[in-house]
Structures are given as structure tokens and as C-alpha cells.
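*Asks:* Just need the structure, nothing else, for what follows:
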Amino acid sequence: MPESPLRQALAAILALAPLLAGTLAPFCAAPSGAEPGQAPPAGRQPPASGEWAITTAETFSSRTFQLNGNLTVRAGGSLTLTSVKLSLSPGYEGELHIEVQSGGALVLEDRDHNPASPDDATVVSSSTAYQYLFWVRPGASLVIESSVVRNCGHSPGARGETAGPYLQSSDCRISNSTFTDNFHGLAVDGCSPMIDNSTLYQNRRHGMYVRDADMTLEDNLFDTNAAHGLQLDSSMATLRRNIFRGNLQDGLNAFKTPLRLESNIFQLNKRRGVHADGAPVVSVRDELLQNLVGYYVNGTSLRCEAPNLQYNGYCFYLQDVRANVSNATMLGTYIVQLHLARHSDHTEFDSYNNNIRNVTFGDPQSVLRVQWVVRSRVVWESTGGPVAAALVKFFRSSTGELAFTFTANATGELPPLLMTEYEQTQAGKLNTSSYRVGVFSGRFVESVRTSIVSDLDLELVLDDVPPAFTLFSPRDNITIAMSYINVTGTMLTDLDASLKVNGENVTIDPFTGNFSTRVSLAEGPNIVNVTAVDPIFNLFSVERRVNRDSTPPDLWVDIPPEGLLVNRTYFLLRGTTEPRAYALVNGIPALVLDDGSFEYMLELSEGENPVTVFSADMHKNSAWVNRTVVSDTIPPAVAVVSPEEGAWTNRPLLTLSGKVEPGAGVWVGGQPVDVVAGNFSARTNLTEGQNLLVVEACDRAGNRNSTSVLVRLDTVAPAAVIAFPPDGLTVNLPTVNITGTTEPSAVVSCGRGHVSQDGRGNFSVVCELRPGQNDITVEVRDLAGNVGKAVLSVTLDTFVSFRLASPENGTRTTAASVRLKGLCEPGALLSIDGQNVIADQNGTFELSVPLEMGTNILVINVTDVAGNRAGFLVLVRREAQAGTDLAVAAVLALLVAAPLAAVAAWFLWSRRARAAAAAAPAPPPGPPLLDNQRLVIKPPEPPRERLRCAECLQPVEESWAVCHTCGGPTFLARIASRTRERLEALEPADERGRRLRAGLLKGFSDCDLLASEGARLEDNMRTLSIASQLLLSGIKLDTAEGLASELEREVGSRAAGLQAAREADLRKAKEEAGERMAALLGDAERALEAAREAGEDTRELEKAIGLARLHLRGGNLEKAHKHTLDAKAIADGLPGRGS
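*Replies:* Below is the predicted model of the structure:
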């Protein structure tokens, strides 16, 4: 085959390359300031991040730029890149782009304009997984000369905008450049760029995609693209000297695009060399070699001049086409051999001067007559033996003219005949002939038609065989239940024969030979006769015997009976039918034994299960039985209404009542109980302590269920131990705080005071006292209703009783001391000038007090056991042994002034004492202790309560919430849980209540958080429960707010610190997880590079790595982790890598 002009041009360019390189070497020297072979000095750089916007004229040469943002050439700007490698780094598909806007210009060129040199301008993506985008907008300018564009585009987009370098401007010139590894090598939309001498190969879809454009493409190579070399939609195109080679679909695919093809090569494309649909095609001197189809044209016109079609599967595939082919060279497959070519009904094909069967018409007046030798022999159909003396006549089919008449010899043979097939001139075929042959021998006559297309040995067969047919139905000796039977069959020979069934004519299908009719049957034996007679009275008959049996079989279902109630999901059905009959249970076959018995395992669903048992004998007589089986596998619902779980009682005889599913039986303690309308009641005896009462229920299906209730019998009255005050205590305050202990669950009451309990058995009662003796009764009632009492007497004393027996006021003495004697309350404390004395049990006291010379004012302070205080004065005069008139006068004066001074001193002292008593706080309750002259009352330290389980009542040590013995909740946990539920359901009417409710719920959440770290929070939970109860009751909200504030100070800060620590741990864990996933992705990317170098398919791995990176940057660790594991699994599965 001669080389194409394009190939010759490429060979000439390669031959001149050394000469051109030497000639242009001086002009390609390194720029000033750089040694040959070295990079030019660094100049301006694009920004390290963000957009690189070009608004003025800028030129760069022999540089490498790494872009982390978009490149935009705006209106008025121009960018010239000479031998520059431009690398973009998108983080996901289409993240970065190059855009030349209207009024902008971009030039990519090689410094020496040599496409074979290594310093071409190159635009690539530095990411192996993601592609960038390249847009040239309307009104923009683009020049690409001797450059390479790769890794561009990731999807088709609406009009190709995201598929590769996307051109919307006619001011584009592309020459001597390469476009590879793009989605489309180039995408052209609505413009007419100039593209020549360029290579578009190994792109992921089309080499070039053109839409709504008027294109002229010359001297380009479209090679090994994944789809079409060139895809044209709604455009106009002229293609000259292009090569379309090795594309995985079509070399050229054009839709509604008029084509002008000149001197192109379409070779080794997997599907079609040229595929045109809906627009005219003109092809001149094109070569279509080794394609599945050379020209594939639909719904248009095709004009081919001097095409070269060699070794295609089909040279032409034409549908609804007006084709004109001239001067064609077609090797390997000829279009005129119809069994090797494909045409639609509407195709017209004119073939002029083609090498059809290697015939060349040199003279327009030449005529070719094709004749063949025909040898004939007449034989009998039945034996194949010769028919001697048979008369044979040949008639021309077109005119009916008798052409030849011969008589067969003894062997049934005729002499050889020379017969014409057709005549042909340079203009076409003439006088094509076919023949009708008649054969006659006695009553036997045969007529056949034949066409002569080659030498022919013609065997003429006389029919002496009766007609043959195959009877499909009925079979012989069958028994059926129907009142009729269909008689069907097909004629094997002699479709013109007459056919009768039991004497009735039956029509034979003239095309298929099939026949069918219906014959009525009587009960018992019947005969069906089928007879066929051909036109020369050859006869064939078949007889079949058919028995009719319409009695249905016997069918019994032994188990289950109708409405059977079971508590299983499977049930074995048993039944009996006739031997050799078959049985179906709900449409599924059951195995029938020789005696007619059968079994089937039913699968039951809850509730009613309809069962249909069907039986049919061998004659299709049938019977059926319906049953219903009710499956109830759900245990009956049973509940104890009274008593409640954990109830206490002090009555040994208990009445238990409850509800159960209607129809079920109930047993309490193993004894049956009457059930009325789903309600039951039973009386049972209890023993002291815990009693577990078990209630069992069983429904009609046999399902059992049980429940239990724990009841505690307590007939012992609780003890009330009064810690303070002791019986018979005398106090001087109008109230007394009685403290004591009892059972933790007991309720304390006192008719004369307000009671407070802490839930641990400690209680306090504030009682108001009347002057004198007060008898107080504290009553304690436990959960079982047992009552215990404690009685004590407290005396209120607010008056100090005192009488001084001696000395009398104003006593005169010469002694150095005086002895004070008197009467007051027993146990009272008397203080005189720093000396203390306590009155004895009779209230008497005696004390010696020293005297000074002159008048002595003695102040007696008395404090009784009730804490009452009083002061008394007495004056005693100490005189010398020998008196004088002066002394007597002084004594007289003293006797007058002393009473006045004593009264004033007593008044001042009593006023000061009352003020001090009013200002002093009331002494706390407790046993009196003597501290100098002050009465101090200290309360005893209450014993700490031990938590107990609400289920087994055992002490709980390890946790405040859960029992380590039985796993049940403590009383405190149960109270807190119920209080919290009530608080969550509460809707306060005012803002104060809502704010307090929110604070208490936060307290519960904070306690839950601290408890998860093992904190003991008994006191905090009690505080929360008390404050919540106050809010729920709507009383003492001030107290509730105080408790909530105290809890916030104690628990809130601890919970906030714990929450902050947990959040810090979570942030650290996320950071560590991100680092680990980044390391795994790095390993997967290295595996990706290795797989690409090895030529492996890496698309799945690229997708997994890209998705993982995307979610990792977005902070979605869960999805990032999934795609990271996918990437690792794919990478580990690549050849040469272990897991």
C-alpha cells in the first residue's frame, strides 16, 4: 500500500531535524548571565498561594512554576510562557483552573519551536489523583506551539467545560503540540480554532470533542484514545491528511455534521473507521484499513471517490443511505457479496468501476455472459432409485417459454446442459435468468424452481412417499379427566395434503405445517383417528386410544383438626389420599407414600394460619381440604396490681390481686387461683422478713409466664432513741430541738413540733415549750405501719430563785471575812468576786468572802441550771477595834449613802446583764457543760447512715447507686431517679421556678458525670432530692434555691473541670487519628506511584485516596477513616505488595 501524504511529510521533517538543529543552535543559546546548560537566573515568581492574576503583559522563559491557586489572564493582560513547565496542585477534582478571560491572551511555546526538543512548554497536574481545568472564554486569545498539555479535565460537563482544555474562542491557534492523559484531549464549543500538526493520544475519553463549530483539521494524529479519536456534534468539518489510529471505539464519530474527508487514514480502530449520522459525507482518497467497519453511515448520503478499503470486517455498513462509490480498491471483503455485507431496506448502492470479482470493463460495448453446466438426474423419493423414461421440461420463469425438453435414460440421467446466469456490461447486469423444471412419470408429477449461479448437479425427485406427520397429542393409551382432548401435530411433508380427524377435515397451516383440533370424549375408552392424503393420493393414518376418568380422588386430613391451637412455630400435618396421587400443602408438594399417606411440616406464623391441602390423581382430578391452625407462642401477660413491689406490711395474712390475659390460668405459690374476666385475687400467709410471691400464668396454647413481687412482713414496732435532750432536762429557751435515731425508712411525728428527717434514720423535732414541766411524745411509724413511741419531760425555767440568809445588808463587823449563806435552785452556780460555788441538791450554799477595811459591796451573780442569770448586792462594813466620834460619824454617813449606792449599782448591773443576754445567741441544744460561768450546750455527732439496697436490703459500700450483691438500685438511687423523672416532667408557671428547675437538672447531670469517674456523691444526691422535693411541692423555694447554689459551688466546678479534661482528651485523640491516617495515605500514594510505573490500573486507588484526603481536610474523621482503610486495602492488593 503506498504511504499517505501525511506520513511522507512526517518522514521529511524527521530527516531534516539534525540540519535544523545545527542551523538554529546559535539562536537557542542560554540567555545572558547564564552558562549553557544551566537554568536562567530566578526572576519573578507567581504567588505562593491564592490566585495568580495577569492584568498586564508578562513573559517567562525556561522556568518551572508550581501553582497552589488558580491562574487567571484577565482583560488587557497577556502571559507568554516559553519553555516553561507549569504544574498545578489541586487537592480534589477541578479544584484549580487556568482561565483566559475575554480580552486576555495566553501563549505557550517552545523556545526553539522544535516539538522533538526536551524543553517544550508543559502544563500538568502535580497531583497523581486530581485534575485541573483549562478554559479559554469567548473573546480570549490562545497560542499553543510545540507544547504539551496533560492531566486536564475530570468529567464530560454540560458542553465539555470540565472535560479538558475548553475552547470557546475562534482566536485560538494550536500547532505541533501534544494533548494526552486529559479527559478529552481538546473540547471545542461554538468556535473555529486553527489546529494542525498536533497529537491527541491516550486521553481518557475522546481525542477531541467538537460542538456547534466550523472546523478544518489538517495533519493531526488521533491515536489510542479511550473512546473516539474525534467526536463531532452539530458542526461542519473538513479533515485533510489526518490519522485516526487504534482508538477504542470510532476513529471519527459525527452526528448531524456535514463532512468533507480528504486523504485521511483510519486504521485499527476497534469499531468503525468513519461513523456518520444525519448529514452528508464526501470522501476523497481516504484509506480505511483493518477496522471492524470501514464506513458506517446512517440516514444521509455518501459519495466516495477512490477509497482504499482493505481487510475491514465490513467495508460499508449503510442504513437509509444514498451511496455512490467510484474507483474503489476493496480487498478482503467485497461489498457485493451480500452474505458478508449489511444493508438496510432503504439503502441504494451504486458501484462503478470497482474491482468486483476482479473484472475490469475496458470497452463500454463489452458484454459478459455468465453460463454454467447443469447435470440433471430423476430419482424416486422413497428409494432414491432412478426413474427411467421420465419426461423433463425446462421453462424460463420470466416468460414461461419452454427452453429445453429431455427424456431420462435408464439411469434417470439427462444429457449435460449449458445454461446462462446473467449478462453484464460496463453499465451493469442484463437478462438475469431463473428456471421452472417439470418432471412427469405416469401419475407422478413434480415441479421445482432453480436459479443458476454456478455449476449445478440438479437432482429431480418424484414424490412416491405418502405424506408424513408427527402427532404431538394425544399420546396413545392415556387417561385424562377432561371432557375433550386437543389433537395437535405437524406435517413433515406434503403441506398441500388433506387431513381428517375422526372423519372431520382439519386445516393445515401452509407456512409451518402445524394442525390442531378438539375431539369430544365420552366417559371410558375413546378412539382418535388421524388420516392424511397428498394430491397424488399417497395416504398415511395414525390411531390413538384415550380413556376419560373424571372422578376426584379421596382426601382426608387426619391432623390437625379445624381451629387447633398450638404454641409452636412448626406443626406436622398428616393426611391420606389415593395411591399414586400427589398432594400439595399451601401449594408446596408433600411426599405421598405408596399407601397414599403423606406428611408435611407446616411453618406457622403468629396468629391464624390457613392451610389448604390439595390432592390430584394422575388424571388431574382434584380435591382439597381447608384447615386453620392458630399459633400462639407469646406468653400470657400477667401483672400484680396489689401489693406493689417492695411493699411493707405488718399483717401476716395478705391479699394479692392482679390481671392476666383472658382465658389464661393463674397459680399463686403453686396453688390455682380463680380468674374472673382477666382479674384474680388470692390470700397468702407471710413470714417475718422478705416474702417473694411468685405468680404463674398459662394460656390455652400452653405458653407460660410468671412474675413475682417482693413483700416484707414487719410486725416489730420501730424503736425511737432520743439522743437529746435527756429526760427531765430544764432549759430557759421557749423551744427545744429533740434529736434522735430510728429506722431509716420510718416516719417520725410529734404533735407539738415540726419534724425533719434525713433519710438515714436521723431525725430532729423542734418543740415549743410552756413554762414549767412539758411532757413530749415522739411517735415513729415504719413502712409496715408499726408504731413506736418515746416520752420525755423538759422543764422551761426562765426565773432565778435566790435568797440570802446572812449576812444582812449593811452588816458591820470587825472580822477580816464574812461567811455568805443562802438558798437558791439546786445546781445553780454562784460567783462572788471570782469565787464560784454550786448550790447543793437542797439549793443551799455557803461561801467565805474576805473583807477590806471600810464598806465592801459584795456582788453575787447567780446562774441556774436552765441558764437564767441574776445579780444581787449586799453591803458589809468592816470597822477597826477602837472607835472614835469620827468613826461613828463616818458610819452614820455610810448608813445613809450606802443604800443609795447599792440601788444604783444593782440597776446598772441588771441593765447591762439584760442587754448582754439579748445580744448573745441562743445556746445550741445538748447536755449542759460548765465553762467558767457560761452555759455551753453541744449537740452529739449523729451516726453516719449506711446505704442499703432497695431490692435485697443489704448494706452497700462500694457504690452509692448500685448494689454489689444483687445489682439492684439503692434506696437513695431509686429516690433520686424518681425525683429526677418528676422534675423533668414539671413545667413551672413562673421564671423563678423554671430557672430553679434548670439548675437542679444540671445538678443531676453533673452528678452523673462525676459518678462515671467513681465519685461518692451520697450527700450531694440527698441535697438534690430535698431541693427538688421542695420545688415539686411549691414550698420553701428560698431554701431550695440556697441548696441549689451550694450544690453548684461544690459539684458544678468539679463537673466543669472533668468535662474540660474529657474534651481535651477527645481533641488530642482526633489529632492523633488524623496523623495516623495521613501516614497511611502517604504509604498508599507511594504504592500508587509504583503501580503507575508498572502500568497497573490505579483508578480505584486514586478515587479512594482523593475521598480520604477530602474528608480529612473537612474534619469528617469517620468517612476519612473508611476511605483510608479502602485505600490501604487496595494498595495492599497491588502486585508486589504485602498486607
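*Asks:* Check for me that Thr479 belongs to a strand.
*Replies:* Yes - Thr479: assigned to a strand according to DSSP: H, G, I helix; E, B strand; the rest coil.
*Asks:* Beta-bridge partners for the residue nearest to it when sequence neighbours are not counted, please?
*Replies:* Nearest residue to Thr479, sequence neighbours excluded (CB to CB, 6 or more residues apart in numbering): Asn547, at 4.3 Å. Where you see a C-beta, it was placed from the backbone N, CA and C, and this is true even at glycine. Asn547 has the following beta-bridge partners by DSSP bridges: Thr479, Pro525.
*Asks:* okay but Asn547 is in contact with Ala522, surely?
*Replies:* No - using CB atoms under 8 Å, Asn547 is not in contact with Ala522, being 10.2 Å away.
*Asks:* Strands of the stretch 401-550 of the chain, start to end?
*Replies:* Using DSSP state E, counting those that start in this stretch, the strands of the stretch 401-550 of the chain run over 402-407, 417-425, 428-430, 434-441, 444-451, 456-462, 469-473, 478-480, 484-491, 498-501, 504-506, 514-520, 524-533, 539-548.
*Asks:* Worst mean pLDDT among these?
*Replies:* The weakest mean pLDDT among the strands of the stretch 401-550 of the chain belongs to strand 428-430, with a mean of 67.
*Asks:* returning to what we had before: quick one, which of Asn547 and Ala522 is more surrounded?
*Replies:* Between Asn547 and Ala522, counted using other CB atoms under 10 Å, the more crowded position is Asn547 (14 against 8).
*Asks:* Show the contacting residues for the more buried one.
*Replies:* Applying CB atoms under 8 Å, 6 or more residues apart in numbering, we find Asn547 in contact with Asn477, Ile478, Thr479, Ile480, Gly524, Pro525, Asn526.
*Asks:* Spit out the contact partners of the residue lying closest to the second one once chain neighbours are set aside.
*Replies:* Okay, so that is Ile478. Distances taken as CB to CB, 6+ apart put Val546 closest to Ile478, at 5.9 Å, once the chain neighbours are dropped. For Val546, the contacting residues are Pro474, Ile478, Thr479, Ile480, Ile485, Leu521, Pro525, Asn526, Ile527, Val528, by CB under 8 Å, 6+ apart.
*Asks:* Just the buried subset of those, written out for PyMOL, thanks.
*Replies:* In PyMOL, this line selects whichever of the contacts of Val546 come out buried by 16 or more other CB atoms under 10 Å:
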select buried, resi 474+480+485+521+526+528
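*Asks:* In the protein, which helix is the longest?
*Replies:* Longest helix in the chain, counting residues (DSSP state H): helix 1053-1093.
*Asks:* Pull the distance from the helix or strand just after that helix to the chain's centre.
*Replies:* Sequence-wise, the next helix or strand downstream of helix 1053-1093 (DSSP states H and E) is helix 1099-1114. Remark: helix 1099-1114 is offset 19 Å from the chain centroid, using CA atoms, centre = their mean, to the nearest Å.
*Asks:* quick one: the residue nearest to Thr479 from Asp189, how far?
*Replies:* Distance of Asn547 to Asp189, given as CB to CB, to the nearest Å: 81 Å.
*Asks:* just Ser1005 next, same as before
*Replies:* Taking CB to CB, one finds Ser1005 at 62 Å from Asp189.
*Asks:* One more: Ala1073?
*Replies:* Where Asp189 is concerned, Ala1073 sits at a distance of 45 Å (CB to CB).
*Asks:* next one: Leu847
*Replies:* In this structure, Leu847 and Asp189 are 126 Å apart, going by CB to CB.
*Asks:* higher neighbour count, those two?
*Replies:* Using other CB under 10 Å, the more surrounded residue of Leu847 and Asp189 is Asp189, with 21 against 17.
*Asks:* that older thread, how near is the residue nearest to Thr479 to Ser622?
*Replies:* Per CB to CB, Asn547 is found 18 Å from Ser622.
*Asks:* can you check Pro725 too?
*Replies:* 101 Å.
*Asks:* One more: Pro386?
*Replies:* In terms of CB to CB, Pro386 sits 61 Å off from Ser622.
*Asks:* Nearest residue to Gly513 in space, please, no chain neighbours.
*Replies:* Distances taken as CB to CB, 6+ apart place Met491 nearest to Gly513, at 3.8 Å, with adjacent residues excluded.
*Asks:* So what's the residue count around the one you found?
*Replies:* Look at Met491: counted by other CB under 10 Å, it has 23 neighbours.
*Asks:* Surely it touches Phe469?
*Replies:* Yes - with contact defined as CB under 8 Å, Met491 reaches Phe469; the gap is 4.8 Å.
*Asks:* so what sits against both of these two?
*Replies:* The contact sets of Met491 and Phe469 overlap at Leu499, Gly513, Phe515, Ala532 (CB under 8 Å, 6+ apart).
*Asks:* on that earlier part again, would you format the contacts of Asn547 as CSV with distance to Gly658 included?
*Replies:* As requested, the contacts of Asn547 are exported to CSV (distance: CB to CB, whole Å):
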residue, distance to Gly658
Asn477, 73
Ile478, 69
Thr479, 66
Ile480, 66
Gly524, 71
Pro525, 74
Asn526, 74
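*Asks:* name the helices or strands packed onto the longest helix of the chain?
*Replies:* Packing contacts for helix 1053-1093, counted by 3 or more CB pairs under 8 Å, 6 or more residues apart in numbering; DSSP states H and E, involve helix 991-1011, helix 1099-1114, helix 1117-1132.
*Asks:* give me every residue that touches Arg992.
*Replies:* Contacts for Arg992 (CB under 8 Å, 6+ apart) come out as Leu1037.
*Asks:* Next: the one 5 residues further on.
*Replies:* With contact taken as CB under 8 Å, 6+ apart, Arg997 is in contact with Leu983, Leu986, Pro988, Leu1031.
*Asks:* quick one: low-confidence parts of the stretch 751-900 of the chain?
*Replies:* Residue ranges of the stretch 751-900 of the chain with pLDDT under 70: 752, 882-900.
*Asks:* ranges for the strands of it?
*Replies:* Taking DSSP E, counting those that start in this stretch as the criterion, the stretch 751-900 of the chain carries its strands at 753-757, 762-768, 772-781, 787-796, 802-806, 811-813, 817-824, 829-832, 835-838, 844-850, 854-863, 869-878.
*Asks:* The fourth one packs against which elements?
*Replies:* In other words, strand 787-796. When contacts are defined as 3+ CB pairs under 8 Å, 6+ apart, strand 787-796 sits against strand 721-724, strand 729-731, strand 735-741, strand 772-781.
*Asks:* what's the closest of those strands to Ala1127?
*Replies:* strand 735-741 (69.8 Å; CB to CB).
*Asks:* ok, and what's touching the helix or strand following the closest one?
*Replies:* The helix or strand immediately downstream of strand 735-741 is strand 747-750, counting by DSSP H and E. For strand 747-750, the surrounding residues in contact (CB under 8 Å, 6+ apart) are 720, 738, 742, 755, 757, 763, 765, 767, 776-782.
*Asks:* hmm, back to that, what about the contacts of Arg997, which one has the most neighbours?
*Replies:* Most neighbours among the contacts of Arg997, by other CB under 10 Å: Leu1031, with 25 neighbours.
*Asks:* which residues are contacting the host helix or strand of that one?
*Replies:* Leu1031 belongs to helix 1018-1033 when assigned by DSSP H and E. Here helix 1018-1033 makes contact (CB under 8 Å, 6+ apart) with 758-759, 947, 960, 972-973, 975-976, 979-980, 982-983, 986, 988, 993, 996-997, 1000, 1003-1004, 1007, 1036-1037, 1039-1040, 1043-1044, 1046-1047, 1050-1051.
*Asks:* hang on, the earlier thing: export the strands of the stretch 401-550 of the chain to CSV and append columns for distance to Leu602.
*Replies:* Below are the strands of the stretch 401-550 of the chain laid out as CSV (distance: least, CB to CB, whole Å):
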stretch, distance to Leu602
strand 402-407, 82
strand 417-425, 77
strand 428-430, 78
strand 434-441, 73
strand 444-451, 68
strand 456-462, 66
strand 469-473, 38
strand 478-480, 32
strand 484-491, 37
strand 498-501, 48
strand 504-506, 49
strand 514-520, 41
strand 524-533, 40
strand 539-548, 36
